[in-house]
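**Q** Sharing a model that was predicted from the sequence below.
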Amino acid sequence: MNGIDEFSEDDDGGAAAAVPAISPLAASLRENTARGDLVLVVDDVPDNLAVLHDALDESGYTVLVATDGPTALARAAQAHPDIVLLDAMMPGMDGFEVARRLKADAATAEIPIVFMTGLTETEHLVAALESGGVDYVTKPIKPKEVLARMNVHLQGARRARQQAQQAGQARNALDAFGYASITVRMPEGRLIWQTSLARELLMRYCGTEAPATPAAIVAWLQRYLPQAQQAGAEPPPLEIGQQAASRLQLRVHRQTGDADGTASATVPGAGDWLIIIRELSDTAVIEAMSLALKLTAREAEVLYWVVKGKTNKDIGEILGASPATAKKHLERVYVKLGVETRTAAAGVAIKRIREIQPHFEV
């Protein structure tokens, strides 16, 4: 798992699945194809299979075949093809039932299905579409027509595959660098993915476990995502545990779902959102300042509270010392930083802190 938790429809709590990952079998099959598209052709007539297989193969597609419904379902589950060409009328399990079962399975529900049928009556064509088909072609099969119709529906599959790869790369990079991150599906507010560090932090600060998303995070996304998305800006960060020495800061990193924008066009802010979680600690910042600016621990502590806008009296109360002691430490800080005022010292400190923690806020 590499420190990553992902949740599907079968997980406790009904969390939604993210874009299905490409299976090892599918990835292996795509390695040797120019387009990278995997097509499952289902027909009980060998001659039809042969015609389609040759046409698709010549056009650069990787082709899997099945001659009956159960085999087609097994092939789809194993290889997760980008599109299915499905014969409507087959003995035993017909194409309509195959389509319904593919659409009922979360792992295959998004695969576009193009029916192949010799039936042209309206009721049969309606049945094909109602069972989950996105299109149909009539027999006898015309390979050029099939290829043209396939290409239209494969564009969506290619976008989804590219989106999944990009999201996976972003997640892996964040996990490798020790960032806590989660993916939340909006507007439902469901947590569909998290790193192990995120799981630990959310439990510690919010007392929640996936697939539940803390109410504060959902409310934050509901409030700010629509207007931020409309303005093309990042929502303001959320802090959890603001009054404590340690707290969580959450920032929206990027949208990883709804690549074509259809969901967010209907419901502003809809889609899957990758969120970065950082644990902020006064102690950690003070230690970093001490090292970066060559200050003693106490001097760094005094300077930190100056950055936070505290007076010498405030600092004395925080540190359990007198205002005069705080002032004395601050005077030594001025010398070491080569400045003469509180404002100048705070400016130097903020610059160095932000080199260490880019999103540090006063």
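**A** Received the coordinates, thanks.

**Q** So which residue is smack in the middle of this structure?
**A** Residue closest to the mean C-alpha point of the chain, counted by CA atoms, centre = their mean, is T256 at 4.3 Å.

**Q** That one against M186, yeah?
**A** No: the criterion here is CB atoms under 8 Å, and T256 misses it with M186 at 11.6 Å. For the C-beta atoms, the positions are set from N, CA and C on the backbone; glycine is no exception.

**Q** list the residues that contact both of the two?
**A** Taking CB atoms under 8 Å, 6 or more residues apart in numbering as the contact rule, T256 and M186 both touch G271, D272, W273.

**Q** rewinding a little: now do the same for the residue nearest to the centre of the chain: its pLDDT.
**A** At T256, the model reports a pLDDT of 78.

**Q** And it, how far from K351?
**A** Distance, T256 to K351, by CB to CB, to the nearest Å: 33 Å.

**Q** do G241 as well
**A** Taking CB to CB, one finds G241 at 26 Å from K351.

**Q** Comparing those two, which residue is more hemmed in?
**A** Remark: of G241 and K351, G241 carries more neighbours, 15 against 9, as counted by other CB atoms under 10 Å.

**Q** what sits against the more buried one?
**A** Contacts of G241 (CB under 8 Å, 6+ apart): Y205, R247, L248.

**Q** Then V335?
**A** Listed by CB under 8 Å, 6+ apart, the contact set of V335 is empty.

**Q** Is it in a helix, a strand, or coil?
**A** Classification of V335 using DSSP: H, G, I helix; E, B strand; the rest coil returns helix.

**Q** Repeat that for the one 5 residues further on.
**A** Put simply, E340 is coil when judged by three-state DSSP.

**Q** So it sits against Y334, correct?
**A** Yes: with contact defined as CB under 8 Å, E340 and Y334 form a contacting pair (6.1 Å).

**Q** measure D87 to P112 for me?
**A** Counting by CB to CB - D87 and P112 are separated by 16 Å.

**Q** More neighbours: those two, which one.
**A** Shown here are D87 and P112; by other CB under 10 Å, D87 has more neighbours (26 against 19).

**Q** so where do the helices sit in the stretch 201-350 of the chain?
**A** Secondary structure of the stretch 201-350 of the chain (DSSP state H, counting those that start in this stretch): helices at 215-231, 262-266, 282-293, 297-307, 312-319, 323-337, 342-356.

**Q** among the contacts of G241, which are in strands?
**A** R247, L248 (DSSP state E).

**Q** Around A346, how many other residues sit close by?
**A** Burial measure for A346: 18 neighbouring residues, criterion other CB under 10 Å.

**Q** same deal with the one 4 residues further on?
**A** Counted with other CB under 10 Å, residues neighbouring I350 total 14.

**Q** Excluding covalently adjacent residues, which one is nearest to it?
**A** Nearest non-adjacent residue to I350, counting by CB to CB, 6 or more residues apart in numbering: V307, 5.9 Å away.

**Q** rewinding a little: between the helices of the stretch 201-350 of the chain, which gets the lowest average pLDDT?
**A** Lowest mean pLDDT within these: helix 262-266, at a mean of 54.

**Q** Give me the phi and psi for S322.
**A** Reported as degrees, to the nearest 10, the phi and psi values for S322 are phi -90, psi 160.

**Q** could you list every residue that touches it?
**A** By CB under 8 Å, 6+ apart, the residues touching S322 are G316.

**Q** and the gap between it and L303?
**A** From S322 over to L303 the distance is 18 Å, taken as CB to CB.

**Q** again with N151
**A** 63 Å.

**Q** Would you mind telling me which of these two has the busier surroundings?
**A** Comparing N151 with L303 by other CB under 10 Å, the one with more neighbours is L303, at 28 against 14.

**Q** Can you list the low-confidence ranges for the stretch 101-250 of the chain?
**A** 120-121, 160-161, 163-179, 242-245 (pLDDT under 70).

**Q** which residues in it form strands?
**A** 113-117, 135-138, 180-186, 190-195, 238-240, 246-255 (DSSP state E, counting those that start in this stretch).

**Q** Any idea what T117 is bridged to?
**A** Listed by DSSP bridges, the beta-bridge partners for T117 are T138.

**Q** so who does it touch?
**A** Residues in contact with T117 (CB under 8 Å, 6+ apart) are D87, A88, M89, G95, H124, L125, A128, Y136, V137, T138, K139.

**Q** Buried only: go through those residues for me.
**A** For the contacts of T117, a burial check counting by 16 or more other CB atoms under 10 Å picks out D87, A88, M89, G95, H124, L125, A128, Y136, V137, K139.

**Q** The second one contacts L129, correct?
**A** No: taking CB under 8 Å as the definition, A88 is not a contact partner of L129, at 11.2 Å.
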